[in-house]
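**Student:** Compute the structure for the input listed below.
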Amino acid sequence: SGLSEVGDGFFDKRFFKPNLIETEFGVIGEDDDRNSYYDDWYGINIADPKRSIAPIGSDPDKAHGTQMATLVLGGREVVSNWAEQPDLPFPIQLRIVNFAASKSVYPQGVAPSSQLTKALHHLRKQEASVVNMSLVTDEPLSTFKTLVSGRGDRTLYVVAAGNEDVGEGKNLATYSLYPAKFGGKRAEHPNVVTVAAHDLEFRRARFSHHSNEHVDLLAPGCAIETRDDEGRTTFVNGTSPAAAITSFTASLISYLSYPFGGRDPIETKRRLTIGTDFDAALEKDAYSSGTLIIVKAVSVFHDVVELKGSRDLRFGRVSEPEKFLTLCKDPPQLNGKAIRKLIPNLPAIAGEARKMEIWHEADHGIRRTTCQQRPNGELAQMPLSYEESRAAFFPEDRLDGDVTISNIREIVFSKHRWRLANSDQSVGITFF
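**Tutor:** Numbers count the residues shown, from 1 in each chain. I've put the predicted structure just below:
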């Protein structure tokens, strides 16, 4: 539904990707770059090319775009803190596409879904690394499906799963909503991430659509603080804020990873998937069975060991990840470099051994494999080690003691782990 105003004291111009032909050399009211859009300084109005990206006054959802743009930038606090550092480049730049329309152009007050492909072509031309999409339709969107399935697409599409206005959210396996249904573990759409909403108790929000086939993860979607189009603090619910928060995270991952391989939407999706906190209670809600933990997801150069109890995170490098496969009674045949996440000590059916999940790269995504875990008594003195890193933006008071297999909640492995500089302390991982 557009954006309130660029350069209004909150939305600093640094936070947007300008069309330099229009901003530096253009004439107001003209299509200076001959792209069919007038005065498209920081975005376009897809419904009416001669209108700006500002919300339409009569639109009941006119604040939605401004609210979501605030969250894609990290929220009010992040934006305000960055605005106090005018000499620092901001890692995210937005390009706005406004679908809201005057009813004289489209009676429904919004551009039809047939305009979606045109909008996406515009954003791809702008080299957008992440496209945040807070829209749903029951139309199959075949042209969108073809677009995102094409080879060479360097864009990640973060899609809201959708909400039920009254009652329980629907299962997308049996309830067809698009583009949400293109996400999840489906290999033919490895650059689409579908996001459901969780509540304040880290359970799926009642209104949120869900599916362990078509939804990738859950993100915060209840009582989310943001800013409306008049600059007021407001609190919003829904899968739209959940998707916006995920887009913020994806943008940081893409920004941090860019020097080491360019824009890689598949790896960004993998990082979002493994950067969740696994919870078996969410097994039916998302493929990852997890809720997004931003600091875990954006730690692209570190392995992350999460300990049981208080979400204690250790950042560093785990030596020889493949040796963890010996925890399995019948180890799967996997390349150690393909292992991206381990979840040991999972409860099992009475009379059976504990289980361990191994998440590894496969089919342009992440595949989950389960094995029976060997009894702890067989694992003592296994020669595994963990080197902990002192990273300036993480607490430095977590460098004491050993890490044992019994108190590990999960381990996330970085694709870029080999780039980690020599650490200053090694913490042994013992098996008791």
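**Student:** mind listing what's buried in the longest helix along the chain?
**Tutor:** In the chain, taking DSSP state H as the definition, the longest helix is helix 239-257. By neighbour count on 16 or more other CB atoms under 10 Å, the buried set for helix 239-257 is 239-257. Every residue, glycine included, has its C-beta placed from N, CA and C.
**Student:** any idea how far that helix is from the chain center?
**Tutor:** 4 Å (CA atoms, centre = their mean, to the nearest Å).
**Student:** Convert the C-alpha atoms of that helix to PDB, please.
**Tutor:** What follows is helix 239-257, C-alpha atoms only, in PDB (Å, rounded to 0.1, in the frame of the first residue of the first chain):
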ATOM      1  CA  THR A 239       2.000 -13.200   8.900                       C
ATOM      2  CA  SER A 240       2.800  -9.900   7.100                       C
ATOM      3  CA  PRO A 241       5.000  -8.700  10.000                       C
ATOM      4  CA  ALA A 242       6.400 -12.200  10.300                       C
ATOM      5  CA  ALA A 243       7.500 -12.100   6.700                       C
ATOM      6  CA  ALA A 244       8.900  -8.600   7.000                       C
ATOM      7  CA  ILE A 245      11.000  -9.600  10.000                       C
ATOM      8  CA  THR A 246      12.300 -12.600   8.000                       C
ATOM      9  CA  SER A 247      13.000 -10.300   5.000                       C
ATOM     10  CA  PHE A 248      15.100  -8.100   7.400                       C
ATOM     11  CA  THR A 249      17.000 -11.200   8.400                       C
ATOM     12  CA  ALA A 250      17.400 -12.500   4.900                       C
ATOM     13  CA  SER A 251      18.700  -9.100   3.800                       C
ATOM     14  CA  LEU A 252      21.400  -9.100   6.400                       C
ATOM     15  CA  ILE A 253      22.500 -12.700   5.500                       C
ATOM     16  CA  SER A 254      22.700 -11.600   1.800                       C
ATOM     17  CA  TYR A 255      24.700  -8.500   2.700                       C
ATOM     18  CA  LEU A 256      27.200 -10.300   4.900                       C
ATOM     19  CA  SER A 257      27.600 -13.200   2.400                       C
END
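**Student:** Quick one: mean pLDDT for it?
**Tutor:** The pLDDT scores in helix 239-257 average 95.
**Student:** now the end-to-end length of stretch 268-280.
**Tutor:** 24 Å (CA to CA, to the nearest Å).
**Student:** same deal with stretch 56-73?
**Tutor:** Distance between the two ends of stretch 56-73: 22 Å, counting by CA to CA.
**Student:** what is the mean pLDDT for it?
**Tutor:** Across stretch 56-73, the average pLDDT comes to 87.
**Student:** Which parts of the stretch 1-150 of the chain are helices?
**Tutor:** Secondary structure of the stretch 1-150 of the chain by DSSP state H, counting those that start in this stretch: the helices cover 20-25, 64-72, 76-83, 116-125, 142-149.
**Student:** Reformat the ones you listed as a markdown table; add mean neighbour count.
**Tutor:** Listed next are the helices of the stretch 1-150 of the chain as a markdown table, based on neighbours: other CB atoms under 10 Å:
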| stretch | mean neighbour count |
| --- | --- |
| helix 20-25 | 14 |
| helix 64-72 | 25 |
| helix 76-83 | 14 |
| helix 116-125 | 16 |
| helix 142-149 | 16 |
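**Student:** Can you flag the weakest of those by average pLDDT?
**Tutor:** For those, where the average pLDDT is lowest is helix 142-149, sitting at a mean of 81.
**Student:** Run through the neighbouring helices and strands of that helix.
**Tutor:** The contact analysis (3 or more CB pairs under 8 Å, 6 or more residues apart in numbering; DSSP states H and E) places helix 142-149 against helix 116-125.
**Student:** who's in contact with the helix it packs on?
**Tutor:** Residues outside helix 116-125 that contact it (CB atoms under 8 Å, 6 or more residues apart in numbering) are 44, 46, 95, 97, 99, 131, 135, 141, 143-144, 147, 153, 155.
**Student:** mind exporting it as CSV, just the C-alpha atoms?
**Tutor:** The C-alpha coordinates for helix 116-125 follow below in CSV (Å, rounded to 0.1, in the frame of the first residue of the first chain):
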residue,chain,number,x,y,z
LEU,A,116,2.6,-9.0,-10.1
THR,A,117,5.0,-10.3,-12.8
LYS,A,118,5.6,-6.8,-14.0
ALA,A,119,6.4,-5.7,-10.5
LEU,A,120,8.9,-8.5,-10.0
HIS,A,121,10.6,-7.8,-13.3
HIS,A,122,11.1,-4.3,-12.2
LEU,A,123,12.6,-5.4,-8.9
ARG,A,124,14.9,-7.9,-10.6
LYS,A,125,16.1,-5.2,-12.9
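**Student:** Next, the angle from that helix to helix 142-149.
**Tutor:** Following axes from the mean of the first three to the mean of the last three CA atoms, to 10 degrees, one obtains 20 degrees for the angle between helix 116-125 and helix 142-149.
**Student:** For the contacts of helix 116-125, which entry has the maximal number of neighbours?
**Tutor:** In terms of neighbours by other CB atoms under 10 Å, the contacts of helix 116-125 top out with Ile44 at 27 neighbours.
**Student:** In contact with it, which residues?
**Tutor:** Residues in contact with Ile44 (CB under 8 Å, 6+ apart) are Tyr37, Ile53, Ile96, Val97, Asn98, Ala119, His122.
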